[in-house]
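Novice: Quick one: sequence plus predicted model below, questions after.
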Amino acid sequence: MYRLPSRGAALGLAGLALFLMSGSAFAEDAAAVVAPVPNKGDTAWLLVSTALVLMMSVPGLALFYGGLVRTKNMLSVLSQVFMIVSLVSVIWVLYGYSLTFTEGGGTLNAFIGGFSRVFLKGMTPDSTAATFSNGVVVPELAYMAFQMTFACITPALIVGAFAERIKFSAVLVFVLLWVTLIYFPIAHSVWYWAGPDAIADAAKALAAATDDAAKKVAQDALDAVNANAGYLQQLGALDFAGGTVVHINAGIAGLVGALMLGKRVGYGREAMAPHSLTMTMIGASLLWVGWFGFNAGSNLEANGTTALAFVNTFVATAAAAMSWLFVEWATKGKPSLLGMVSGAVAGLVAVTPASGYAGPMGALVLGLVVSPACFFFVSTVKNKFGYDDALDVFGVHCIGGIIGAIGTGILVAPYLGGVGLTSYEIKPGAGSPGEYVMAAQVLIQIKAVLYTLVWSGVGSAILYKLIDLTIGLRVGKDAEREGLDVSEHGERAYNY
Amino acid sequence: MYRLPSRGAALGLAGLALFLMSGSAFAEDAAAVVAPVPNKGDTAWLLVSTALVLMMSVPGLALFYGGLVRTKNMLSVLSQVFMIVSLVSVIWVLYGYSLTFTEGGGTLNAFIGGFSRVFLKGMTPDSTAATFSNGVVVPELAYMAFQMTFACITPALIVGAFAERIKFSAVLVFVLLWVTLIYFPIAHSVWYWAGPDAIADAAKALAAATDDAAKKVAQDALDAVNANAGYLQQLGALDFAGGTVVHINAGIAGLVGALMLGKRVGYGREAMAPHSLTMTMIGASLLWVGWFGFNAGSNLEANGTTALAFVNTFVATAAAAMSWLFVEWATKGKPSLLGMVSGAVAGLVAVTPASGYAGPMGALVLGLVVSPACFFFVSTVKNKFGYDDALDVFGVHCIGGIIGAIGTGILVAPYLGGVGLTSYEIKPGAGSPGEYVMAAQVLIQIKAVLYTLVWSGVGSAILYKLIDLTIGLRVGKDAEREGLDVSEHGERAYNY
Amino acid sequence: MYRLPSRGAALGLAGLALFLMSGSAFAEDAAAVVAPVPNKGDTAWLLVSTALVLMMSVPGLALFYGGLVRTKNMLSVLSQVFMIVSLVSVIWVLYGYSLTFTEGGGTLNAFIGGFSRVFLKGMTPDSTAATFSNGVVVPELAYMAFQMTFACITPALIVGAFAERIKFSAVLVFVLLWVTLIYFPIAHSVWYWAGPDAIADAAKALAAATDDAAKKVAQDALDAVNANAGYLQQLGALDFAGGTVVHINAGIAGLVGALMLGKRVGYGREAMAPHSLTMTMIGASLLWVGWFGFNAGSNLEANGTTALAFVNTFVATAAAAMSWLFVEWATKGKPSLLGMVSGAVAGLVAVTPASGYAGPMGALVLGLVVSPACFFFVSTVKNKFGYDDALDVFGVHCIGGIIGAIGTGILVAPYLGGVGLTSYEIKPGAGSPGEYVMAAQVLIQIKAVLYTLVWSGVGSAILYKLIDLTIGLRVGKDAEREGLDVSEHGERAYNY
Amino acid sequence: MKIIMAVIKPFKLDEVRDALTAAGVHGLTVTEVKGYGRQKGHTEIYRGAEYAVSFLPKLKIEVAVPTELAAKVVDAIVASARTGQIGDGKIFVSSLEQAVRIRTGEKDTDAL
Amino acid sequence: MKIIMAVIKPFKLDEVRDALTAAGVHGLTVTEVKGYGRQKGHTEIYRGAEYAVSFLPKLKIEVAVPTELAAKVVDAIVASARTGQIGDGKIFVSSLEQAVRIRTGEKDTDAL
Amino acid sequence: MKIIMAVIKPFKLDEVRDALTAAGVHGLTVTEVKGYGRQKGHTEIYRGAEYAVSFLPKLKIEVAVPTELAAKVVDAIVASARTGQIGDGKIFVSSLEQAVRIRTGEKDTDAL
Ligand SMILES: Nc1ncnc2c1ncn2[C@@H]1O[C@H](COP(=O)(O)OP(=O)(O)O)[C@@H](O)[C@H]1O
Ligand SMILES: Nc1ncnc2c1ncn2[C@@H]1O[C@H](COP(=O)(O)OP(=O)(O)O)[C@@H](O)[C@H]1O
Ligand SMILES: Nc1ncnc2c1ncn2[C@@H]1O[C@H](COP(=O)(O)OP(=O)(O)O)[C@@H](O)[C@H]1O
């Protein structure tokens, strides 16, 4: 997912046709004259994907989480998710998009973007953004909206970790700070680049350079274009749709939050059974459906690779649902619905970074592998260490995200059915297979995981502390007993 | 949203290619020969949008409303919405589409269409309908289906006003009459026109006319094309996706209904807390998701303007959810989920007419402004006047719609980030910026609002009266106490 | 829905443009050189449709069914549907797609496909599959995923028949066997063919053949292409989106299952009222919305015919909801929500095979007709014969499917507003109207119905028996009393 | 002391509560119940299946009172819960041997 | 008069109601309750957390009868609610001092 | 025999159950109820409408015991259900004339 500086003048289809009719050869210099226009199929797909990702948050995630809490806290979860989405989307158009997807200043650019798109300045219906393909663009407004939904859902994932005990005001302040200081920088680090056409143009210039001096200048220019990217992007980390940016990032922030807020009153003593697994199942299903927008939408275009990402998302999820089921059946004696849907979510998380890179059989294996690992964390590790990660944000999203991120480095291998790495320099103007060494790629992936764990883990800890010292993180004991719905929101979820 | 008389022969892509290959210049006369073919990206988008708008009604709106009533009336609300959608879509294909989007007879044409598409007569997979862009068409069947969902949801909005006390049979008869006598005429008044290509053709003919006589003839022809439009369309009223047609229209009809049916038994004395805010939240979320089809789909094409309408819909909703939250928090002491989702719906309503016209920052401001106004109406005005608009159809849809309609006249201003007005005459064949004067536009918008309030308010009152005198509007007191689910439908929503 | 052997090299848009620019005539031989590339609008539509069909299963169908059972069995239904989807999608990529949509060996090919796509062997983002239009292809991965969702939902439909009493393990084993031995063969029989381009090429060769010997060879080749199709496809059976393959197939398997498992404990004596008609309504609504992907998606492209299938799906459903309502109102005294949504589903089922063939008025009539028939089966026939088809899989899906299948043969008639039959031979390279004789077509449809009833009915009976003799079909009486949620899954749906 | 149990129509709760407060009762306990009696129910139809529902939603109120208040309380309930239509409900009075307030351990009338 | 309270298995309700009607009882009140006793419950597992559920769903029936009918009613309940398996439930009989029909104000056996 | 009815705070159920088991009680019946008393409720606001909710969720425990166990049981409940804050609830003890175990037909203390 990458952004290209928008182009001022986008020609209509008629313009293209006129150009085609002009009789002149389809020469490279001519091509440079015509700014690419978005394909309407791509635009349609990207907008649909955006709507799907919104549906993942509300009602999807809200229900998935809400069903798992006790009746008395149902509305608090729904409210938190709904308001996070609202708050972050406003922040996003104000400055989030700009900080994430524009060029930042100097060396800072590796970590954070700049202010050129603050308040969406200069963005019109004609502005375009780059895709993964040379010469293919999408409306920048659509791209901005698509990315907005990622910024919305990521902090919403966190709240599951400290559900049933946090103050609503603390959630809002935390999220405001967290997206600004943790999410935007990490998303910039992973996803910001100059786009394939900038690389192609620079590579072409290099190829066209004749004397040594010109070659040097051109090489420097190409290096500058390649260096105009986020830190992890420069490293070569692969994260198709947000394994690090979204899941590890949110998962570790959740764990830290769970630790810092402490356990729920009565945790381990009183029964805290999910109040409505029906809602959880609806939520999980909508997450599955919406995740096609998340993963396949991340290809930005509607082509064969999009279909591949779609298939991978489908298959990994199904495989993970099954493998959780069988592991649970074998070890606990019964196959539970909550197990299946937890597995499905784990599969979705794991396949996120890999979705456009792995082949379907690779995705299937990834799905089979991720569930046992997550199962082990939520049912053994958590009990052993005794932290109260209420809805298993760490156990499912962080662990699943790590397995997916590292697995991506493996499954991208062409000899494992993956699509390999793409180079935009070898044949300027068309992506072509780049060099791939598994060990090297896995190492890069591990670096990206660690970078995210540290940045988000430490950063979140500081933010929690800050809020705890000022407005306070946690509701009073009585309010918690009564339930956050009544104590924080003055409502009850059900009046049957 | 406009309809073009369908073209008999739509050529395939091959035909277009052949034409392009013919070697002749891409001359205007040649262009006139080739009927435009729908772009598949547009078709895909329009069909998806149609499905999304259906999802807004069922289950979206049904759940949003259903969650707010008491358990014993849940099914009655779901049934009313479900059956209204079914009934109106049948009416629509029988004669509604024809009455709304074909040319009516003579001066009547300003207010109602004709019968040329009764039973969808003459409509085939090859029929096309106009969009906002010259030379861009969509399959007329898709356009018809898209508009159908608007006709379905509008009367469904009304039932919230007199929920928990109306006879099911009265709802059906009322809706049958109401869409025929109120909705189709108003939709025709606002949205019917001859389409951009008809204007372009006439304008070109005028430009090509050489002598004075020819000029006069051509001018008359152009005037006729411009006059071949609904009354409010001729006035120049802006309503991108239905602020007047849908929300003000339904909102005022709801208020009149609430007044004429009278208050619910026990209103103001017994607690009438929503039976499931969970359902209301699901409904609100699906409304948000589906509303992208409603607003961005109203662009008919999948282009940059579609993305703009999408973004505006997103941002206004988020802003309105936040502003309701904060107003409620400040005045009532607690931020409620019902407040947030009410705000979101208010934002969606307000941005509806403005979605394709305002800029994102304009939409944000619109969202911030609409919630306090609606909040004031549902929490102060309603209590003061004591009408029982059970689910606040007036307070949210009518008030929100009015703010949106007038706001559209302001926010369309290019200097406020809006897209300005589009003229299809200045540069025939391509839309170009028309003249915009804020005061004039706002006045037009106010006229459109008043027109709708009066037509729908008075018309609805007559219909209610008629039904009351014949089959009766309201169930008996015992039936109301027992709940409409059992008394009207013979079922119960839950048997836990 | 048909599959074309994938083409190795798919050219990009640039390639097409270059070709167009080449100056050579758009000659047939040239056309043969350029492999068609998927249109992005088609790809977007097909992927969206796939997501919609998944949404039909989870959460759609799961909720529709789940709401109808008693609280204590809610999770069992949700689990069964969710795990069937997971299981079948894994089977599908392993060997299901291959067995269904590749060429089988010799005469077997009429009944089952081969192994060339086992593990999706050889499938890449560039692989394409045929559509109904000459020269129009879609990414094979997208086609595969779309078809996957059909394979997933069909067995999930069955479980409604023996809900509340079957073992979870038995469901899984049954479904594994059933899709392999019943679904894949029937889907292959109905939908497998060589694709329109293969026919066109052979027909062109025949037309080009000059002497008698060459003519004979060419005719034989054409015959071979036409014979390279499933049995019912060769017969000429029309099933646009799965009336036989999905609904009759599942419906009869359900009935047989209900008979072989026997009635629920307490059936006919204890009240077994639906535990949440709210959930059932949500499910029905999502089925409606998702079914646009099912039916209109089955056109594979996004064109006018897609819009027609969309409209038909909409209208038939609405009409059927209304006609069930009025029949029930007239005979039982009250119009129930369950009646409306049952009617809607019956309408969706009936229009499935007809959706791309009938005209909108034909679809409307089909909707009006199907509901009374299904109503008669679920309320009279079932009680009379006393079988416990718990959620009326037979009464709605099998009966509705039969009416739809036969109705398709009638409503396809051009003089009834249908689109008629399409021949790919008369004008090679473009579909054109084929010969249509109603009686003949109806006979073919009846044959297809009987074929499906027998294959699925007998085959399913054998599978049930097998499972009963090995792992057992039914839970113990106490487990059934306690509810499958606790006894089979160790969970409860609600802890309010 | 007496323990009074009354079965009433659900929508009468607030009126009864007010009447009891007026009668000097400071606490009561309410349970959602289903009642079967002279009041006839309704029929529900779910597709083919018809169910005669003869159990109707009622509220059961339990209130412990000193013996001397019992008659007054019974009258208050009758007055406030009556609609005059079948199904208004019943009042049952039993003797109560002991009452304890958990918070304080107070006994009998002090505990009420 | 006596007030009889019986805790039974939920699916036995209709049989018990019929038996009571046959025994001459015209009204009763039913409450959904959870019972704890010899009948063992089950274990529920939600991801990592296991809960032993020892409270099982039961129905509580309360019926007020004239003293002379009490024994017959108890027998009718026993006969109709028994499955012979643990958890069939209990019957508790207490004395009832007063009964009032709210609608009419009728007292005692007239009120039943 | 005595029948003891206690209204307690919901989250105290497990502690009370354990205390009762320790006191030698082998069965009990629990009902979800709403209590009205000194403990003040809260206000709920739904758009314009404010509702004062004065009925709070409580659990009602009913347990039948031999007379000699009654005092011990009452004490056990008081000890285990007390938080010391308003709303801890009440215990009501009445006399029980007869108890029957449905499964076996056993009577009185044998039935408990
Ligand atoms: N004998 C009884 N024992 C316990 N509860 C009873 C008895 N008779 C009636 N009830 C309760 O009183 C309610 C009202 O009784 P019903 O006969 O319907 O009307 P009414 O009280 O007006 O005569 C019933 O729904 C039931 O809950
Ligand atoms: N001492 C008691 N007091 C009140 N209710 C009891 C008592 N003992 C049992 N019960 C109720 O009776 C039900 C059945 O008791 P249980 O011991 O499980 O089986 P059984 O009645 O067959 O001996 C319990 O679920 C509980 O509701
Ligand atoms: N007179 C009464 N009769 C029946 N139940 C009562 C009575 N008084 C109180 N209760 C029950 O006891 C609960 C606790 O009473 P409350 O007055 O709030 O606190 P406390 O028991 O600490 O004084 C109430 O919610 C109600 O259910």
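Specialist: Here it is on my side, so go on. Ligands and ions are numbered 1, 2, ... in the order given.

Novice: close enough to count as contact, D:Arg82 and D:Ile91?
Specialist: No. If you go by Cβ atoms under 8 Å, D:Arg82 and D:Ile91 don't touch, sitting 11.0 Å apart. Backbone N, C-alpha and C define where each C-beta goes, glycine included.

Novice: Who has more neighbours out of the two?
Specialist: Relative neighbour count places D:Ile91 above the other of D:Arg82 and D:Ile91, with 24 against 19, counting by other Cβ atoms under 10 Å in any protein chain shown.

Novice: Just the pLDDT for the residue in the stretch 351-496 of chain A that ligand 2 sits nearest to.
Specialist: Closest residue of the stretch 351-496 of chain A to ligand 2, Cβ to the nearest ligand atom: A:Tyr496 (23.0 Å). Per-residue pLDDT puts A:Tyr496 at 88.

Novice: Could you check how many residues crowd around it?
Specialist: For A:Tyr496, the tally of surrounding residues (other Cβ under 10 Å) stands at 12.

Novice: now do D:Gly84
Specialist: Neighbour count of D:Gly84, defined by other Cβ under 10 Å: 8.

Novice: which ones are touching A:Ser323?
Specialist: By Cβ atoms under 8 Å, 6 or more residues apart in numbering or on different chains, the contact list for A:Ser323 reads A:Gly343, A:Gly367, A:Leu368, A:Val369, A:Val370, A:Ser371, A:Pro372.

Novice: elements contacting the host helix or strand of the fourth one?
Specialist: When secondary structure is defined using DSSP states H and E, the element that contains A:Val369 is helix A:360-376. Taking 3 or more Cβ pairs under 8 Å, 6 or more residues apart in numbering or on different chains; DSSP states H and E as the contact definition, the neighbouring helices and strands of helix A:360-376 are helix A:304-332, helix A:337-354, helix A:399-411.

Novice: pLDDT on that helix, on average?
Specialist: Rounded mean pLDDT across helix A:360-376 is 98.

Novice: now do stretch D:1-8
Specialist: Stretch D:1-8 shows a mean pLDDT of 97.

Novice: Spell out whether it and ligand 3 are in contact.
Specialist: No. Judged by Cβ under 6 Å from any ligand atom, stretch D:1-8 and ligand 3 are separated, with a smallest distance of 7.5 Å.

Novice: Could you pull up the residues touching A:Ala208?
Specialist: A:Ala218.

Novice: If I look at it, what pLDDT would I see?
Specialist: We have a pLDDT of 94 for A:Ala208.

Novice: quick revisit: ok, so of the contacts of A:Ser323, who is nearest ligand 3?
Specialist: Distances from ligand 3 to these, taken by Cβ to the nearest ligand atom, are shortest for A:Gly343, at 43.3 Å.

Novice: Which residue is the nearest non-sequential neighbour of that closest one?
Specialist: Excluding its sequence neighbours, the residue lying closest to A:Gly343 (Cβ to Cβ, 6 or more residues apart in numbering or on different chains) is A:Trp324, at 2.6 Å.

Novice: so how many other residues sit close to that neighbour?
Specialist: 32.

Novice: same deal with D:Glu68?
Specialist: 10.

Novice: Check what pLDDT it gets.
Specialist: 95.

Novice: Over to A:Leu20?
Specialist: For A:Leu20, the model assigns a pLDDT of 38.

Novice: try D:Tyr36
Specialist: Each residue has a pLDDT score; the one for D:Tyr36 is 96.

Novice: residues contacting the residue nearest to A:Gly343?
Specialist: By Cβ under 8 Å, 6+ apart, the contact set of A:Trp324 is A:Gly339, A:Met340, A:Ser342, A:Gly343, A:Ala344, A:Ala346, A:Ser371, A:Pro372, A:Cys374, A:Phe375.

Novice: make it 7 Å
Specialist: Contact analysis of A:Trp324 by Cβ atoms under 7 Å, 6 or more residues apart in numbering or on different chains lists A:Gly339, A:Met340, A:Ser342, A:Gly343, A:Ala346, A:Ser371, A:Phe375.

Novice: which two from those residues end up farthest apart in space?
Specialist: Based on Cβ to Cβ, the longest span within the contacts of A:Trp324 runs between A:Met340 and A:Phe375 and measures 11.6 Å.

Novice: what about D:Ser95, neighbour count?
Specialist: 15.

Novice: Name whatever forms a beta bridge with it.
Specialist: D:Lys2 (DSSP bridges).

Novice: got it, and D:Arg101?
Specialist: F:Lys90.

Novice: what ranges of the stretch 1-150 of chain A fall below the confidence cut-off?
Specialist: Within the stretch 1-150 of chain A, the segments meeting pLDDT under 70 span A:1-33.

Novice: In it, what residue comes closest to chain D?
Specialist: Residue nearest to chain D within the stretch 1-150 of chain A: A:Thr71 (15.7 Å; Cβ to the nearest Cβ).

Novice: Return the residues in contact with that residue.
Specialist: Taking Cβ under 7 Å, 6+ apart as the criterion, A:Thr71 is in contact with A:His275, A:Ala493, A:Tyr494, C:Tyr496.

Novice: Please look at A:Gly418 and A:Gly356 and confirm they touch.
Specialist: No. With contact defined as Cβ atoms under 7 Å, A:Gly418 does not reach A:Gly356; the gap is 9.8 Å.

Novice: out of the helices and strands packed on helix A:360-376, deepest packed?
Specialist: Mean neighbour count (mean count of other Cβ atoms under 10 Å in any protein chain shown) peaks for helix A:337-354 among those, with a mean of 32.

Novice: now that helix: mean pLDDT?
Specialist: Here helix A:337-354 scores 98 as its mean pLDDT.

Novice: what is the orientation angle of that helix with helix A:399-411?
Specialist: Helix A:337-354 and helix A:399-411 are oriented at 40 degrees to each other (axes from the mean of the first three to the mean of the last three Cα atoms, to 10 degrees).

Novice: Who are the packing partners of the helix ranked longest in chain D?
Specialist: Across chain D, the longest stretch assigned as helix under DSSP state H is helix D:70-81. Contact partners of helix D:70-81 among helices and strands, from 3 or more Cβ pairs under 7 Å, 6 or more residues apart in numbering or on different chains; DSSP states H and E: strand D:2-8, helix D:13-22, strand D:90-95.

Novice: quick one, phi psi at the residue in chain D that ligand 2 sits nearest to?
Specialist: Distances between chain D and ligand 2 by Cβ to the nearest ligand atom are smallest at D:Thr31, namely 15.1 Å. In terms of degrees, to the nearest 10, the main-chain angles of D:Thr31 are phi -130, psi 140.

Novice: Enumerate the beta-bridge partners assigned to it.
Specialist: Beta-bridge partners, per DSSP bridges, of D:Thr31: D:Lys60.

Novice: Just the endpoints, please. Distance across stretch A:464-473?
Specialist: One end of stretch A:464-473 to the other measures 7 Å (Cα to Cα, to the nearest Å).

Novice: now do stretch A:226-243
Specialist: 23 Å.

Novice: Mind listing the shared neighbours of D:Arg82 and D:Ile91?
Specialist: Contacts common to D:Arg82 and D:Ile91, judged by Cβ under 7 Å, 6+ apart, are E:Ile102.

Novice: Quick check: the residue of the stretch 1-150 of chain A closest to chain D vs F:Glu15, distance?
Specialist: Distance, A:Thr71 to F:Glu15, using Cβ to Cβ, to the nearest Å: 21 Å.

Novice: residues from chain D in reach of ligand 3?
Specialist: D:Gly27, D:Leu28, D:Thr29, D:Glu62, D:Val63, D:Ala64, D:Arg101, D:Arg103, D:Leu112.

Novice: And the pLDDT at whatever residue of the stretch 151-300 of chain A ends up closest to ligand 2?
Specialist: Nearest residue of the stretch 151-300 of chain A to ligand 2: A:Ala271, at 17.7 Å (Cβ to the nearest ligand atom). What the model reports for A:Ala271 is a pLDDT of 88.
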